[in-house]
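> Pasting the sequence and the predicted coordinates here, then a few questions.
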2 protein chains.
Amino acid sequence: MKKHNFSAGPCILPQEVLQKASEAVLNFNNDNLSLIEISHRSKPFVNVMENARSLALELLGLEGKGYKALFLQGGASTQFLATAYNLLDTKAAYLNTGTWSTKAIKEAKLFGDIVEVASSKDKNFTYIPKEYSIPSDADYFHCTSNNTIFGTQIKHFPETNVPVVCDMSSDIFSRQLDFSKFDLIYAGAQKNMGPAGTTLVVVKEEILGKVNRTIPSMLDYKVHIGKDSMFNTPAVFPVYVSMLTLEWLKNLGGIAAIEKINEQKSALLYNEIDRNPLFNGIVATEDRSHMNATFTLTNEALTDTFNTMWNDAGINGLNGHRSVGGYRASMYNALSLESVQVLVDVLQELERKA
Amino acid sequence: MKKHNFSAGPCILPQEVLQKASEAVLNFNNDNLSLIEISHRSKPFVNVMENARSLALELLGLEGKGYKALFLQGGASTQFLATAYNLLDTKAAYLNTGTWSTKAIKEAKLFGDIVEVASSKDKNFTYIPKEYSIPSDADYFHCTSNNTIFGTQIKHFPETNVPVVCDMSSDIFSRQLDFSKFDLIYAGAQKNMGPAGTTLVVVKEEILGKVNRTIPSMLDYKVHIGKDSMFNTPAVFPVYVSMLTLEWLKNLGGIAAIEKINEQKSALLYNEIDRNPLFNGIVATEDRSHMNATFTLTNEALTDTFNTMWNDAGINGLNGHRSVGGYRASMYNALSLESVQVLVDVLQELERKA
């Protein structure tokens, strides 16, 4: 039975990517060797890394604009620390829109003063704060573009004179933005880019080298840039699968093409949530994420019936995050409109049955 | 044509492991979902992580002895930093046996005084220093059990009253040791354990929590222990393949069984290097690694002939590290005695031809 995978991450990847990845584990590059048993310094893998790095910049429209792309290890959680280690000299400004922002703030506090410019904690992070000012003497401004757990997404980024650092883990490559307005973007691969185990960092080189501390090599962006993202053995398989996924996106027409599909998918689901009296959206309508739609049943007595129905329809990963409850439909790039239709059909069937 | 993979790392893995890993990328656990598109919090993956952690302790004989096993990201290079962050309060003792020890020392120096108790740099790291004393007031003693690049291996570890920290990246699970004499062992997976992208840390809990600094969460062993090695999304595929490889080793008879095979393999090759007048071993005989055998041609004019011959025999990855030159035959756990025989045959054929 076909599965409709709404997992929040690690999440669905394109079927053709999974097919190629599976083959590469047995025989990569027609060399009769597995991708995972060859030297990362061999030409075939160096090509993979270079291809992945240039595809990332190309898709973001950042080629030739002073940016470097790195594929590092440790997840966005390590970037909470690395961004501060590299950029925080005295003071930085953070927007707090949920769990991940809160964690980023906690790690950054080890390295300097943190000004929380605004927070939506007062309403359990169900909206994006909009009226706030960023101190012009901050070393940088940090925000989280999409809140995977609560299902909110920043639609308009603030104008500021300080460097902008953005955790785009759960919506990178999903929508068109002027990415040149960001000075450092990071994203764990395991949503729109690939499997868990590698993290994309895209950094404008000119913002580096300005702090007064010695940075450990593995956390120093300049060290990784100087070694073309091969300072030490990279996560070979996750980087390869990320490259395949970025190639898939490019062949599809890039971010402009996937954005249209993503808007169709989220419109289809949110329209049904709003129409169907059995369901309520959790977050402020204007701040709804195109990636993660969170909702609840208006009548909790229907919980078991609903759960059985979506399970029977082959739907996977619909439970809300353990800290929020309810339901969460994650509609990342590789999820088809057809899968969203299957979910919408289940919502309508519940209405007929109830 | 069958390949004989002598790569230094990432390196050969058991064929049955590659087969299972390839299948899991398409359909894991018979759920019609890929291993790399399911939640790391789902029961099937939590089982993988727990199984990998307990297999590591079981194979090392460390179950029930106060140790915890973690599968982290960032390679041994991140552990150079993390060990010092967690354990170095004022002073630590390091044995310098090559490139990796040197790098470990460099990172640790950011956190306290480093006493280099001995170094083999005077002879380009071609031997293991033996006469040295470890200050009894050091926070810990750090050493590198096997030097992948030069091909040396510590055969006898020093007795000391301070905690012993060991980078076993390139010979873990390859030979019997009293692992309970070590307080912290770390190892990048990509030699004897799995693909690049995960790092095993085995730590005796009682040595933690003794330094006077706040440790960033991602570098704090206590944080990872408290979250059962799932503080953030782990490197799912590398952890799974590591679990498969540890299962393979257990089924084979564990470290005791593989040690015998590894000794046969290295004896076969070193005996030929010593017998054949066309080859010289690079390092001191008593310190030769059972994992990485380094050697040179006595007559450089034979280089092209020899290179063509081993390439034609299906041998892969025999070039020495770029910093050493010559040849390096890495004979990790998954390499068969048959492959070593193929290499020995080539050495003998060159002698007949020359």
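Thanks, I have it.

> Quick check: nearest residue in space to the closest residue to chain B within the stretch 201-350 of chain A, chain neighbours excluded?
Residue nearest to chain B within the stretch 201-350 of chain A: A:Ala235 (3.3 Å; CB to the nearest CB). The way it works is simple: take the backbone N, C-alpha and C, and place the C-beta from them, glycine included. If you skip the residues right next to it in sequence, A:Ala235 has B:Gly197 as its closest partner in space, 3.3 Å away by CB to CB, 6 or more residues apart in numbering or on different chains.

> ok, now which ones touch the one you found?
A:73, A:197-198, A:234-238, B:73, B:189-190, B:235, B:237-238 (CB atoms under 8 Å, 6 or more residues apart in numbering or on different chains).

> for those residues, which one is nearest A:Pro14?
Proximity to A:Pro14 was ranked across the contacts of B:Gly197 by CB to CB; first place goes to A:Pro238, at 15.3 Å.

> Which residues are in contact with that closest one?
Contact partners of A:Pro238, counting by CB under 8 Å, 6+ apart, are A:Phe71, A:Ala189, A:Gly194, A:Pro195, A:Ala196, A:Gly197, A:Thr198, B:Gly197, B:Ala235, B:Phe237, B:Pro238.

> List the ones among those residues that fall in strands.
Taking DSSP state E, the ones among those that sit in strands are A:Phe71.

> can you put the contacts of A:Pro238 in a markdown table and add distance to B:Gly254 and pLDDT?
Conversion of the contacts of A:Pro238 to a markdown table gives the following (distance: CB to CB, whole Å; pLDDT from 0 to 100):
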| residue | distance to B:Gly254 | pLDDT |
| --- | --- | --- |
| A:Phe71 | 35 | 98 |
| A:Ala189 | 34 | 97 |
| A:Gly194 | 34 | 97 |
| A:Pro195 | 30 | 98 |
| A:Ala196 | 29 | 98 |
| A:Gly197 | 28 | 98 |
| A:Thr198 | 32 | 98 |
| B:Gly197 | 25 | 98 |
| B:Ala235 | 25 | 98 |
| B:Phe237 | 25 | 98 |
| B:Pro238 | 22 | 98 |
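
> among the contacts of A:Pro238, which are in helices?
Secondary structure of the contacts of A:Pro238 is defined by DSSP state H; positions in helices are B:Phe237, B:Pro238.

> Let's see if you can find the most crowded of the contacts of B:Gly197.
The member of the contacts of B:Gly197 that has the most neighbours, counting by other CB atoms under 10 Å in any protein chain shown, is A:Gly197 with 34 neighbours.

> how far away is A:Ala21 from A:Glu247?
12 Å (CB to CB, to the nearest Å).

> Compare these two and say which is more crowded by neighbours.
Here A:Ala21 and A:Glu247 are compared on neighbour count by other CB under 10 Å; more neighbours surround A:Ala21, at 25 against 18.

> What are the buried residues along the lengthiest helix in chain A?
Scanning chain A for the helix with the most residues, using DSSP H, yields helix A:254-275. By neighbour count with 16 or more other CB atoms under 10 Å in any protein chain shown, helix A:254-275 contains the buried residues A:Gly254, A:Ile255, A:Ile258, A:Glu259, A:Ile261, A:Asn262, A:Lys265, A:Ser266, A:Leu269, A:Tyr270, A:Glu272, A:Ile273.

> How about the contacts made by the third one?
Residues in contact with A:Ile258, defined by CB under 8 Å, 6+ apart, are A:Phe173, A:Ser174, A:Leu249, A:Leu252, A:Asn333.

> Show the average pLDDT along the longest helix of chain A.
Confidence for helix A:254-275, expressed as mean pLDDT, is 98.

> Thanks a lot, catch you later.
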